[in-house]
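**Q** here is my input, please return the structure:
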Amino acid sequence: MSKQAILRAPVLAALVMVAGPAGPAAVLDRDASDLRRDATVAAVEAVMPCVVNVATASVVQYSDFYDRLLRDYYGWGNSLPREKLNSIGSGVIIDEDGWVLTNLHVVRRASRVEVKLWNGEVYEADPMVATELSDVALLKLRLPPGKKLQAVRFARDEDLWLGETVLALGNPFGLGGSVTRGILSSKNRRPTVDDVPLDYQDWLQTDAAINPGNSGGPLINLEGELIGLNVAVYREGQGIGFAIPVRKVAEALSQFFTPEVSNGLWFGARARQDESGLTISYVQARSPAAEAGLREGQRIIEVNGATPRTLIEFNEHLCAEAEHRPRLTVRSAEGVQGLKVTLVPFDELISKKLGLSIMFLVGGNAAQPQIPGRAGLYVTAVERGGPADQAGLRPGALVAALGDREARDLLTVANVVSSTRPGDLLSLTVVESQRFGSGLVQYRQRGVPLKVR
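**A** As a prediction, this is how the structure comes out:
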């Protein structure tokens, strides 16, 4: 046999084995399948059930046969407003009970939010809270009792490798899962919008394509862990996308799941969740948490006798006690310690600090004087000799702003009041009414310096 024939023999034998009807062909097919199911495929299979489509509804004009009937009997305008759903972004499930993260810019203008799961199930969603600076928004799905969903796993805050393979997932337009692949190009990028730098110095940069429909979806590593939240694509360059890093996402969650946000109760501390449990990450000076003895770095063992596994459970246990006095067990370098915190409702906080009894108004209240287009604290009573009384405030005034913060909601007001030190002056913007004998009512706005106690 020639040298060339000897060299060709193994090749021919291999071809016969592949083509033959016996077992070797099946073995080779299975090996090929295993090669295709690499780390990328495994990560996508693990995380895609956590990725959702976010559709928002806006009111649009709609004309049909019934317009005149509805105008005459129900007071509609020239045409009947109808809701139109637009699938403008994605989101990611972070808890089995239906908590979803997305971008604020995805849901900000929505009159209604609808979420579509990877398997086609659709649920109404309630926007709960958001942070403007981080562009992170939290949604709660209206799930039927007992329904549980698959949630994504979070990577450790700083577990990022420059140049590692990353995957941008989304569910754009509700048509199904979308995956793009790239590398982590940078761990510190500050994109600009209209030449104004965002208040974000460490967005992640990737060359994995992030289209508008992927906004709010997860950026993951090859272990299937969330390392960021897709947020933007840089229009001026090709292959440049940005994501909010997991560290900033975790910081936003520590603000979201607090008694202040969920129940209108002043607690004054935040916790962080990691692979080993929950840790107190921030304690506000002179807050109920500080007065109870909570300190940064303490590990949370129990709340009201139960062991919370997540930030969500920690917040639920804190607010479950009827008298707002939860019992905490914490561990620090000094050992294990039991504490009792007294949570303070917002109206009591404002009364204690400012000497006011209030009602929160949004554009006026039917039972009170109407102040078109104004929201704020309607003063129902003033404590005699208190800070508000000494500043000349009277019942009937509307507190429209505190310092440079508009009184848009009680949470904003409570944050300003609780962070102002006793004895400091807080400038209130007040709208007051003056009545004349002819029935004319005039509103005037003035600034009132008030000493917080």
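**Q** alpha carbons of stretch 338-345, in CSV - could you do that?
**A** Written as CSV, here are the backbone C-alpha positions of stretch 338-345 (Å, rounded to 0.1, in the frame of the first residue of the first chain):
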residue,chain,number,x,y,z
GLY,A,338,-31.9,42.3,70.5
LEU,A,339,-33.4,45.7,69.6
LYS,A,340,-36.9,47.2,69.4
VAL,A,341,-37.6,50.0,66.9
THR,A,342,-40.6,52.3,67.1
LEU,A,343,-41.6,53.3,63.5
VAL,A,344,-43.2,56.7,63.2
PRO,A,345,-46.0,57.4,60.7
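**Q** for that stretch, what is the average pLDDT?
**A** Stretch 338-345 shows a mean pLDDT of 97.
**Q** and it, which residues are buried?
**A** Residues of stretch 338-345 classed as buried under the neighbour-count rule (16 or more other Cβ atoms under 10 Å) are 341, 343, 344, 345. For glycine as for every other residue, the C-beta is placed from the backbone atoms N, C-alpha and C.
**Q** checking my notes, residue 46 in a helix, right?
**A** Yes. Residue state for residue 46 (DSSP: H, G, I helix; E, B strand; the rest coil) corresponds to a helix.
**Q** so where's the stretch 301-450 of the chain shaky on pLDDT?
**A** The stretch 301-450 of the chain contains residues with pLDDT under 70 at 362-375, 437-439.
**Q** strands of that one, residue ranges please.
**A** Taking DSSP state E, counting those that start in this stretch as the criterion, the stretch 301-450 of the chain carries its strands at 327-332, 335-340, 344-345, 356-362, 375-382, 398-402, 405-406, 425-435, 441-451.
**Q** on that earlier part again, and which of the buried residues of stretch 338-345 is nearest residue 109?
**A** Set against residue 109, the nearest of these by Cβ to Cβ is residue 345 (31.6 Å).
**Q** who does the closest one bridge with?
**A** Beta bridges link residue 345 to residue 265 when assigned by DSSP bridges.
**Q** quick check: it touching residue 265?
**A** Yes. Counting by Cβ atoms under 8 Å, residue 265 is a contact partner of residue 345 at 5.9 Å.
**Q** intersection of neighbour lists for these two?
**A** Jointly contacting residue 345 and residue 265 under the rule Cβ atoms under 8 Å, 6 or more residues apart in numbering are residue 324.
**Q** excluding its backbone neighbours, what's nearest residue 229?
**A** Ranked by Cβ to Cβ, 6 or more residues apart in numbering and with sequence neighbours excluded, the top spatial neighbour of residue 229 is residue 244, at 4.4 Å.
**Q** contacts only, for the one you found.
**A** 134, 135, 136, 200, 203, 204, 228, 229, 231.
**Q** could you do residue 304 as well?
**A** For residue 304, the contact set (Cβ under 8 Å, 6+ apart) comprises 317, 320, 321, 326, 327.
**Q** if we can go back for a sec, for the strand or helix carrying the residue nearest to residue 229, output the C-alpha coordinates as PDB.
**A** Here residue 244, judged by DSSP states H and E, is contained in strand 241-245. The C-alpha coordinates for strand 241-245 follow below in PDB (Å, rounded to 0.1, in the frame of the first residue of the first chain):
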ATOM      1  CA  GLY A 241     -24.300  50.100  24.800                       C
ATOM      2  CA  PHE A 242     -24.700  50.900  28.400                       C
ATOM      3  CA  ALA A 243     -26.200  49.100  31.500                       C
ATOM      4  CA  ILE A 244     -26.700  50.200  35.100                       C
ATOM      5  CA  PRO A 245     -24.300  48.100  37.200                       C
END
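**Q** residue ranges for the helices of the chain, please.
**A** 3-19, 23-36, 39-47, 67-74, 104-107, 246-256, 259-263, 288-292, 311-320, 346-354, 387-390, 410-419 (DSSP state H).
**Q** helices or strands up against the third one?
**A** Right, helix 39-47. Packing partners of helix 39-47 (3 or more Cβ pairs under 8 Å, 6 or more residues apart in numbering; DSSP states H and E): strand 165-170, strand 218-220.
**Q** let's see 10 Å
**A** When contacts are defined as 3 or more Cβ pairs under 10 Å, 6 or more residues apart in numbering; DSSP states H and E, helix 39-47 packs onto strand 165-170, strand 178-189, strand 218-220, strand 225-233.
**Q** what separates the shortest one from the chain centre, distance-wise?
**A** Averaging C-alpha coordinates over strand 218-220 and over its chain gives two centres that are 16 Å apart (Cα atoms, centre = their mean, to the nearest Å).
**Q** show me the shaky parts of the stretch 51-200 of the chain.
**A** Looking at the stretch 51-200 of the chain by pLDDT under 70, you get 58-84, 174, 189-200.
**Q** contact partners for residue 309?
**A** 273, 277, 278 (Cβ atoms under 10 Å, 6 or more residues apart in numbering).
**Q** could the residues you listed be laid out in TSV, adding pLDDT, neighbour count and distance to residue 97?
**A** Output for the contacts of residue 309, formatted as TSV (pLDDT from 0 to 100; neighbours: other Cβ atoms under 10 Å; distance: Cβ to Cβ, whole Å):
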residue	pLDDT	neighbour count	distance to residue 97
273	92	22	15
277	93	17	19
278	97	23	17
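**Q** neighbours of residue 216, how many?
**A** Neighbour count for residue 216, taken as other Cβ atoms under 10 Å: 32.
**Q** list the buried residues in stretch 265-278.
**A** Neighbour-count burial for stretch 265-278 flags 265, 266, 267, 268, 269, 270, 271, 272, 273, 277, 278 (criterion: 16+ other Cβ under 10 Å).
**Q** just the C-alphas of that stretch, formatted as CSV.
**A** Taking Å, rounded to 0.1, in the frame of the first residue of the first chain, the C-alpha atoms of stretch 265-278 are listed here in CSV:
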residue,chain,number,x,y,z
LEU,A,265,-43.4,54.9,58.2
TRP,A,266,-40.1,56.5,59.3
PHE,A,267,-37.5,53.9,60.0
GLY,A,268,-34.3,55.6,59.0
ALA,A,269,-32.1,52.6,58.0
ARG,A,270,-31.4,50.6,54.9
ALA,A,271,-30.2,47.0,54.4
ARG,A,272,-28.1,45.4,51.7
GLN,A,273,-28.6,41.8,50.5
ASP,A,274,-25.7,39.5,49.5
GLU,A,275,-25.1,35.8,49.2
SER,A,276,-24.6,35.5,53.0
GLY,A,277,-27.7,37.4,54.1
LEU,A,278,-28.7,41.0,55.0
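**Q** show me how far it is from its chain's centre.
**A** Worked out by Cα atoms, centre = their mean, stretch 265-278 lies 16 Å from the chain centre.
**Q** sorry, back to before: for the strands of the stretch 301-450 of the chain, which one sits closest to residue 414?
**A** For those, the distance to residue 414 is smallest for strand 344-345, at 9.2 Å, taking Cβ to Cβ.
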